[in-house]
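>>> pasting the sequence and the predicted model now:
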Amino acid sequence: MKTERSKQLFARAKRVIPGGVNSPVRAFGSVGGVPRFIERGKGCRVWDVDGNEYIDFVGSWGPLIAGHANPAILKAVRSAMSKGTSFGAPTELEISLAETIRDAVPSIQKLRMVSSGTEATMSALRLARAATGRDRVLKFEGCYHGHVDALLLGAGSGVATLGIPGSPGVPSSYANLTIQAPYNDIEAVRSAFQKWGEQIACIIVEPMAGNMGFVPPVAGFLEALRACCDEYGALLIFDEVITGFRLGWGGAQKHFGVKPDLTCLGKVVGGGLPAAAYGGRGDLMGQIAPEGPVYQAGTLSGNPLAMAAGLATLELLAKPGAYEQLGAVSARITSGLEQLAVEIGVPLCTASAGGIFGFFFHEGPVTNFTEAADAHPARFKRFFSSMLEQGIYLAPSPYECGFASLAHRPRDLNRTLEAAQVALEKAARVR
Ligand code: HOZ
């Protein structure tokens, strides 16, 4: 596969952008090789600057649930753009998107649009601290909630991929307020609450973890978090930046029937443009300025192009059968991989739900970050490189998940699994 042009651009980028990328997860840090510079996308495919074609399971890290350059989304964005790109003033579009989200997500009575998932989690955390008058927060190892100071400790995604220790630059007085527990370990949560219960403002959790690979909650875990928060007067924050409108309409909280106090959304709700949101109980959201004293703001918050893209995306997802289609794509990939792995004799465990899937080179089960980190990194690296060479674009790290789209067709999945057979055979030879 020719990669000359990507190599040249990467070298040029590194002279002006740290690491040559605008987000560390793009750098191919743990898998080696040159990150592909993408020129264009259509449906489930992307093409790089060397003319190579790939079936894409990254989907811009989640937002592109309808595929690249979806005509309905482009039409909505063009229509909004023809009227101007940003006003820094209220628009009707942002009310429509907020109403659609409120009606879909069980715990949201009011919400605020922001521009990134990081802003959403940062703002939800501030609100939780203000509302409870407490400073400590509890998070889970391997969960990633954006690059918020207090939440970088033990984070998944790029932090785990690059093996970055906690975070230089976060004052220790700040980091000391973050308590960590292993994902799916309710006993660890209970003992943290026994020790610091009166000081804990909130638990923040990915209700299905998608930043240490894909790790679903064990039965009863989310319910136990809810009960713990209720017992000690802490708030429960679901980070649904990945699961929101991707696991299903209404997200993980609808799927599992557990209501958080606050919810963070991103990715899908922006339809491929920069939009995110946080929301929850009306009394809590009423504390946000200008209704209340908790300050949070943004020049491009509720940007009309992003609102139009988000609305158009949610309209596509509201159509009958959309989530069944996404679920079938994810399940086909994971069941196909499992079957191949058994035939080839390489340990592999998988999980899928809605438009999300994941796999580990591990006997399984994988229920927390320690187990995820115990999977075979060299096998993942070999598998990833072989898939890429064969035109299948997966996230370049074992600490990420795969994203299905409405644009993946059975023939794309067949091609993916043909490539996976070759890649798994190569991975199996890695000891
Ligand atoms: N949150 C995504 C990683 N799991 C992608 C965003 C990024 O870090 O670039």
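Sure thing, it's come through.
>>> count of neighbours near the residue of the chain found nearest the ligand?
Taking Cβ to the nearest ligand atom as the measure, the chain has Ser23 as its residue closest to the ligand, at 3.2 Å. For every residue, glycine as well, the C-beta is placed using N, CA and C. Using other Cβ atoms under 10 Å, Ser23 has 11 other residues around it.
>>> which ones are touching it?
Contacts of Ser23 were listed using Cβ atoms under 8 Å, 6 or more residues apart in numbering, and they are Gly158.
>>> I'd like the distance between it and Leu162.
Noted for Ser23: a distance of 12 Å to Leu162, by Cβ to Cβ, to the nearest Å.
>>> same check, this time on Val342
33 Å.
>>> and the strands in the protein, which stretches?
Ranges of strands in the chain, per DSSP state E, are 38-42, 45-48, 53-56, 110-114, 136-141, 178-182, 200-205, 235-239, 262-265, 276-280, 349-353, 356-360, 392-393, 402-403.
>>> would a markdown table of those strands with distance to the ligand and mean pLDDT be doable?
Listed next are the strands of the chain as a markdown table, based on distance: least, Cβ to the nearest ligand atom, whole Å; pLDDT from 0 to 100:
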| stretch | distance to the ligand | mean pLDDT |
| --- | --- | --- |
| strand 38-42 | 14 | 98 |
| strand 45-48 | 16 | 98 |
| strand 53-56 | 14 | 98 |
| strand 110-114 | 15 | 98 |
| strand 136-141 | 15 | 97 |
| strand 178-182 | 18 | 96 |
| strand 200-205 | 15 | 98 |
| strand 235-239 | 10 | 98 |
| strand 262-265 | 12 | 98 |
| strand 276-280 | 11 | 98 |
| strand 349-353 | 16 | 98 |
| strand 356-360 | 11 | 98 |
| strand 392-393 | 14 | 98 |
| strand 402-403 | 10 | 98 |
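>>> take the ones you listed and lay them out in a markdown table including mean neighbour count.
Converted to a markdown table, those look like this (neighbours: other Cβ atoms under 10 Å):
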| stretch | mean neighbour count |
| --- | --- |
| strand 38-42 | 15 |
| strand 45-48 | 20 |
| strand 53-56 | 20 |
| strand 110-114 | 23 |
| strand 136-141 | 25 |
| strand 178-182 | 20 |
| strand 200-205 | 26 |
| strand 235-239 | 29 |
| strand 262-265 | 30 |
| strand 276-280 | 28 |
| strand 349-353 | 22 |
| strand 356-360 | 26 |
| strand 392-393 | 22 |
| strand 402-403 | 26 |
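>>> dump those into JSON lines; add distance to Ala312 as well.
Listed next are the strands of the chain as JSON lines, based on distance: least, Cβ to Cβ, whole Å:
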{"stretch": "strand 38-42", "distance to Ala312": "16"}
{"stretch": "strand 45-48", "distance to Ala312": "20"}
{"stretch": "strand 53-56", "distance to Ala312": "20"}
{"stretch": "strand 110-114", "distance to Ala312": "16"}
{"stretch": "strand 136-141", "distance to Ala312": "33"}
{"stretch": "strand 178-182", "distance to Ala312": "38"}
{"stretch": "strand 200-205", "distance to Ala312": "30"}
{"stretch": "strand 235-239", "distance to Ala312": "24"}
{"stretch": "strand 262-265", "distance to Ala312": "16"}
{"stretch": "strand 276-280", "distance to Ala312": "16"}
{"stretch": "strand 349-353", "distance to Ala312": "24"}
{"stretch": "strand 356-360", "distance to Ala312": "21"}
{"stretch": "strand 392-393", "distance to Ala312": "24"}
{"stretch": "strand 402-403", "distance to Ala312": "18"}
